[in-house]
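> the following block contains a protein sequence and its predicted model.
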Amino acid sequence: MIASVRSATLLGIDGQVVSVEVHVSNGLPAYNVVGLPDAAGRESRERVRAALLSTGLEFPMRRITVNLAPATVRKTGSGLELAIALALLVADGKLPDVVLDGTGVIGELGLDGRVRPAVGVLALVDALAKHGVERVVIPDANAIEGLLVPRVEVLVARNLGELHECLKGEAPWPEPSSVTHEESPVDDEPLDLADVRGLPNARHALVTAAAGGHHLLIAGPPGAGKTMLARRLPTILPPLETDEALEVTRIHSATGLAPARGLITQRPFRAPHHTASSAAIVGGGSPRPRPGEITLANRGVLFLDEIAEFHPSVLEALRQPLEERVVRISRAAIALTFPADFTLIACCNPCPCGRDVTNCRCTDLQRTRYKRRLSAPLLDRFDLRVPVSAPGAHAPPGEPSVAVAERVAVAVARQRARYRDWPWRRNGNVPGGALQALVTLAPDVEAGWRDACERDQCTGRGAARVRRVARTLADIDDRSDVTEDDIACALELRQDLFE
């Protein structure tokens with residue numbers, strides 16, 4: 001007999017619907033899985049067999065063939081095991097053949113029959129819902145993720161024996177567990193911008209970056225407060241909008257980082273170490289390409305502390321995502337596109353020794369080599385480049401995060417209204433071809449912008465970024481028109497840090 005159950009597997013950060021087909025026939029006992037399964041899929045036989053026997057169900061000692069369709073798509077992970085077990089029960093006559101019509105099944109099996117959580121349930125359930133599945137059976141531990149998809153009924157399973165009784169109508173479906181055993185993270189270091197003393201220009205640049213989604217590079221000696229300032233950026237960022245929150249949660253779910261408490265509402269802040277590889281930062285890997293840090297920072301912030309210590313190949317790989325805000329991973333057997341709409345915040349020292357110009361002990365060769373670690377094309381992609389020096393011992397504290405966040409919220413609201421009919425949300429996202437239409441300037445301001453950019457020898461990309469920053473400065477002040485002072489301030493916030 002043949003049985004078919006719908007399930008799904010991950011393809012990058014998206015779900016791919018899979019038909020799990022099981023054929024049981026007479027012959028020598030055998031168990032074969034076809035349809036490009038990975039090692040976990042090929043090893044499903046022993047887990048499915050042990051789970052059935054542990055829950056008092058029979059594993060048929062017959063010839064079993066499991067086909068995972070479509071056969072041209074590689075199946076990854078162990079989330080198909082529950083669907084295989086149920087299809088096997090249907091094919092062996094232990095379940096009615098119509099009991100799983102219109103139902104998707106996701107889950108991993110333990111040897112004792114427990115249904116264990118799967119990775120990427122949010123994306124998997126969403127894919128099944130888009131293909132007309134009316135209800136899905138998922139592990140109880142993934143219930144919060146599954147319930148985020150509104151178009152499908154979510155049923156939970158704790159163990160295979162209980163699920164068998166529910167499908168036969170001999171027991172009621174259990175309610176999704178609302179209790180999580182994950183402890184709330186302890187905020188052992190409350191962050192606030194008021195903790196940072198001095199650094200007025202850097203603070204201004206940080207607010208501008210938060211309001212307009214502009215990339216920021218801060219250069220200064222060790223101990224000046226660069227890292228301290230950058231790590232307080234999340235305290236002034238606006239919360240995620242509903243569609244952004246679903247997108248961010250979906251990405252984290254696909255990488256196994258989804259929180260047990262449901263929807264992610266705070267913008268992500270990722271700070272990888274400088275020893276991270278290119279695949280870890282940008283994405284990739286084998287056999288299944290995975291999202292990198294820039295995708296995990298989507299709709300949030302990627303913080304690269306000591307950016308000059310990162311490998312040059314890693315930094316150069318950031319250039320295209322910084323422009324296009326997506327990552328395209330191409331391999332011989334697969335091509336994937338990951339979102340990468342993040343704000344890059346980076347810090348570095350002015351030279352290898354980190355001292356100011358008067359006390360620098362580096363040779364000219366050392367300074368030249370250090371400067372070459374950050375290529376001109378990469379530096380040109382930073383909207384804001386600000387030097388800082390160590391503040392004095394009596395420098396006053398700045399504004400608290402609450403007050404700054406209010407100004408950022410005003411600027412974000414203006415941008416949301418301006419771009420409501422366009423695919424962009426922040427000034428930093430507007431492409432160069434749309435600047436003339438969306439970031440309009442008065443004729444005298446337009447002429448001043450062109451003259452100022454020519455004097456500063458800005459590239460075409462740099463001039464466009466100055467225009468975007470000027471628009472953000474006006475939004476922070478809640479003004480409709482960009483002035484010549486905004487242009488001058490935008491140029492002041494975009495200095496050559498390695499002259």
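Happy to help now that I have it. These figures come from a predicted structure and were not determined experimentally.
> residue 322 and residue 381 touch, don't they?
Yes - using C-beta atoms under 8 Å, residue 322 makes contact with residue 381 at a distance of 4.7 Å. To be clear about C-beta, it is placed using only N, CA and C from the backbone, and glycine gets the same treatment.
> so what's in contact with those two at the same time?
Common neighbours of residue 322 and residue 381, using C-beta atoms under 8 Å, 6 or more residues apart in numbering, are residue 215.
> what's the nearest residue to residue 114 if we skip its chain neighbours?
residue 159 (4.9 Å; C-beta to C-beta, 6 or more residues apart in numbering).
> from what I can see that neighbour touches residue 57, true?
No - taking C-beta under 8 Å as the definition, residue 159 is not a contact partner of residue 57, at 11.1 Å.
> show me what contacts the residue nearest to residue 114?
By C-beta under 8 Å, 6+ apart, residue 159 lies in contact with 55, 112, 113, 114, 115.
> now the strands for the stretch 201-350 of the chain?
216-219, 269-270, 283-284, 290-291, 301-304, 326-330, 335-339, 343-348 (DSSP state E, counting those that start in this stretch).
> the second one pairs with which strands, and in what direction?
Yep, that's strand 269-270 we're talking about. strand 301-304 (parallel) (DSSP bridges).
> what sits up against the strand it pairs with?
Outside strand 301-304, the residues within contact range by C-beta under 8 Å, 6+ apart are 230-231, 233-234, 237, 267-272, 274, 293-294, 310, 342-347.
> one more pass at 6 Å, please.
Identification of contacts with strand 301-304 by C-beta atoms under 6 Å, 6 or more residues apart in numbering yields 230, 233, 269, 270, 271, 294, 342, 343, 344, 345, 346.
> tally of neighbours for the third one?
Neighbouring residues of residue 269 were enumerated by other C-beta atoms under 10 Å; the total is 18.
> in contact with it, which residues?
Contacts of residue 269 by C-beta under 6 Å, 6+ apart are 234, 300, 301.
> how close does the spatially most central residue of the chain get to residue 242?
Geometric centre of the chain, nearest residue: residue 296, 2.6 Å, by C-alpha atoms, centre = their mean. Using C-beta to C-beta, to the nearest Å, residue 296 is found at 20 Å from residue 242.
> equivalent analysis for residue 443, please.
40 Å.
> now swap in residue 177 and tell me
25 Å.
> between the two, which is the more surrounded one?
Between residue 177 and residue 242, counting by other C-beta under 10 Å, residue 177 is the more crowded of the two (13 against 9).
> thought that one was touching residue 142?
No - between residue 177 and residue 142 there is no contact under C-beta atoms under 6 Å: 10.2 Å.
> quick one, domains of this protein?
Domain assignment of the chain by automatic domain parsing yields the ranges 2-167, 193-423.
> which stretches in the stretch 351-499 of the chain count as helices?
364-372, 376-380, 401-418, 435-438, 443-455, 460-476, 484-492 (DSSP state H, counting those that start in this stretch).
> tell me which residues in the second one are buried?
Meaning helix 376-380. Neighbour-count burial for helix 376-380 flags 378, 380 (criterion: 16 or more other C-beta atoms under 10 Å).
> please apply the same query to the last one.
Neighbour-count burial for helix 484-492 flags 484, 486, 487, 488, 489, 490, 491 (criterion: 16+ other C-beta under 10 Å).
> against which helices or strands is it packed?
When contacts are defined as 3 or more C-beta pairs under 6 Å, 6 or more residues apart in numbering; DSSP states H and E, helix 484-492 packs onto helix 443-455, helix 460-476.
> residue 497 is in contact with residue 219, isn't it?
Yes - contact between residue 497 and residue 219 holds when scored by C-beta under 6 Å: they sit 4.4 Å apart.
> what's the strand ranked longest in the chain in contact with?
Determined from DSSP state E, the single longest strand within the chain is strand 14-25. Outside of strand 14-25, the residues within contact range by C-beta under 6 Å, 6+ apart are 1-9, 60, 62-69, 73, 83-84, 87-88, 91-92, 123-124, 127, 131.
> ok, 7 Å please
The contact list for strand 14-25 (C-beta atoms under 7 Å, 6 or more residues apart in numbering) reads 1-9, 60, 62-69, 73, 75, 80, 83-84, 87-88, 91-92, 120, 123-124, 126-128, 131.
> before we move on, what about stretch 408-423?
Residues outside stretch 408-423 that contact it (C-beta under 7 Å, 6+ apart) are 207, 210-211, 236, 238, 425-427, 438, 472, 475-476, 478.
> now swap in stretch 88-102 and tell me
Here stretch 88-102 makes contact (C-beta under 7 Å, 6+ apart) with 1-3, 5, 22-24, 48, 57, 60, 64, 86, 133-135, 164, 167-168.
> report the contact partners of residue 191.
231, 232, 235.
> wait, what's in contact with the second one?
The reference is to residue 232. Contacts here follow C-beta under 7 Å, 6+ apart; on that basis residue 232 touches 191, 192, 193, 196, 401.
> buried members of those residues into ChimeraX, please.
To isolate the buried members of the contacts of residue 232 in ChimeraX, using 16+ other C-beta under 10 Å:
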select :192,193,196,401
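> what about the contacts of residue 232, which are in helices?
Of those, the ones assigned to helices by DSSP state H are residue 401.
> possible to save the contacts of residue 232 as CSV with distance to residue 375 and pLDDT?
Below are these laid out as CSV (distance: C-beta to C-beta, whole Å; pLDDT from 0 to 100):
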residue, distance to residue 375, pLDDT
191, 32, 86
192, 35, 87
193, 32, 89
196, 30, 85
401, 34, 91
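> distance between the ends of stretch 57-65?
Chord length of stretch 57-65, first to last residue, is 19 Å (C-alpha to C-alpha, to the nearest Å).
> which residues sit against that stretch?
22-32, 49, 52-53, 88-89, 92, 94, 164.
> can you say which of those residues are buried?
Applying 16+ other C-beta under 10 Å to the contacts of stretch 57-65 flags 22, 23, 24, 31, 49, 52, 88, 89, 92, 94, 164 as buried.
> what's the closest non-adjacent residue to the last one?
It refers to residue 164. Excluding the flanking residues, the one nearest residue 164 by C-beta to C-beta, 6+ apart is residue 57, at 6.4 Å.
> how near is residue 268 to residue 131?
Applying C-beta to C-beta, the value for residue 268 to residue 131 is 29 Å.
> between the two, who's got more neighbours?
Counted by other C-beta under 10 Å, residue 268 and residue 131 do not tie: residue 268 has more neighbours, with 21 against 11.
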